[in-house]
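A.B. asks: I'll drop the sequence and a predicted model, then ask my questions.
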Amino acid sequence: MPFPPLSPIALELGPLVIRWYALGYLAGVFGGAWYATTLLSREPLWANNRPPFPSKAIWDFAFWAIVGIVLGGRIGYVLFYNLPFYAANPGQIIALWDGGMSFHGGLVGIVAAMWLFVRRHNGSVLSALDLLGAIATIGICLVRITNFINAELYGAPTDLPWGIIFPTDPEQLPRHPTQLYEAGLEGLLLFLVVMLGTRRLGWLKRPGLTAGIFGIGYALGRSLVELWRLPDAQLGYLLGTNWLTMGMVLNLPVLAAGIALVAYAMARPRG
């Protein structure tokens, strides 16, 4: 399939250039914040009928979230994916417009931001992490779609009928649209699973359960897609294999944390 007529630039007014990639992050944060209000306002969903903070406070947290995602995502990319380059060119670290963000770094950043924020409201940290697990899939889905629009992070060659020839591919071969695989698997599907659990199955009554299931679902889904997604060119496959990627390695602590949270939540009485 040919690549659709999409431009990475959403709006260009003279020197002002707005890219879909940036809009994907902003829409993910504010869309997630809106959805969070529907959960925070329903007190019976939460353990002891107590959400981690009032629903109106989520808009204050949105600023914290943006800072945590941007700082964590950029630092994570620098450390995990291209440290030799940035060590030699430290001025490029702030060049966010050239791309280069790490989901795992952004996850650490937003978790740290949530921990600092919820302490000010004397709420449950585990319930606050559950809230992140319930809304994070919105941003994941939107950002992966913008990765597709940017024609980046595509997969290995394929002869399947939905293989796409990306304009940025020097070999011009049909490839797996792994950005859309991730948008559907880690984004839409995981969102629906978590929505069912939080709204119908009482997961929020067990602090830590929703966050744990999100961590497990993301780590497994991302690792599955990594089997078809090409590794970053500067890293390649790790440890002499033809399949192990940095994304898979970074998924291991996310998976372990998810399992630990689920075990902890299920071992305690339902709130």
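C.D. replies: Looks like it came in fine.

A.B. asks: Do a quick rundown of the strands in the chain.
C.D. replies: If you assign secondary structure with DSSP state E, the strands in the chain sit at 9-13, 16-19, 164-165, 174-175.

A.B. asks: Can you lay out those strands as CSV showing mean pLDDT, distance to residue 122 and mean neighbour count?
C.D. replies: Heads up, the C-betas are built off the backbone N, CA and C, glycines and all. Supplementary listing: the strands of the chain in CSV, determined by pLDDT from 0 to 100; distance: least, CB to CB, whole Å; neighbours: other CB atoms under 10 Å:
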stretch, mean pLDDT, distance to residue 122, mean neighbour count
strand 9-13, 93, 40, 11
strand 16-19, 92, 39, 13
strand 164-165, 98, 50, 18
strand 174-175, 98, 50, 20
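
A.B. asks: Relative to residue 68, which of the ones you listed is closest?
C.D. replies: Evaluated over the strands of the chain, closeness to residue 68 peaks at strand 16-19, with 20.8 Å, by CB to CB.

A.B. asks: List the strands paired with that closest one, with their directions.
C.D. replies: strand 9-13 (antiparallel) (DSSP bridges).

A.B. asks: Grab the CA positions of the partner strand and hand them over as PDB.
C.D. replies: Included here for strand 9-13 are C-alpha records, laid out as PDB according to Å, rounded to 0.1, in the frame of the first residue of the first chain:
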ATOM      1  CA  ILE A   9       3.100  19.600   9.900                       C
ATOM      2  CA  ALA A  10      -0.400  20.400  11.000                       C
ATOM      3  CA  LEU A  11      -0.100  24.200  10.700                       C
ATOM      4  CA  GLU A  12       2.500  26.500   9.300                       C
ATOM      5  CA  LEU A  13       2.100  30.300   9.600                       C
END
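
A.B. asks: from the middle of its chain, how far away would that strand be?
C.D. replies: 25 Å (CA atoms, centre = their mean, to the nearest Å).

A.B. asks: starting at the chain centroid, how far to stretch 220-240?
C.D. replies: 16 Å.
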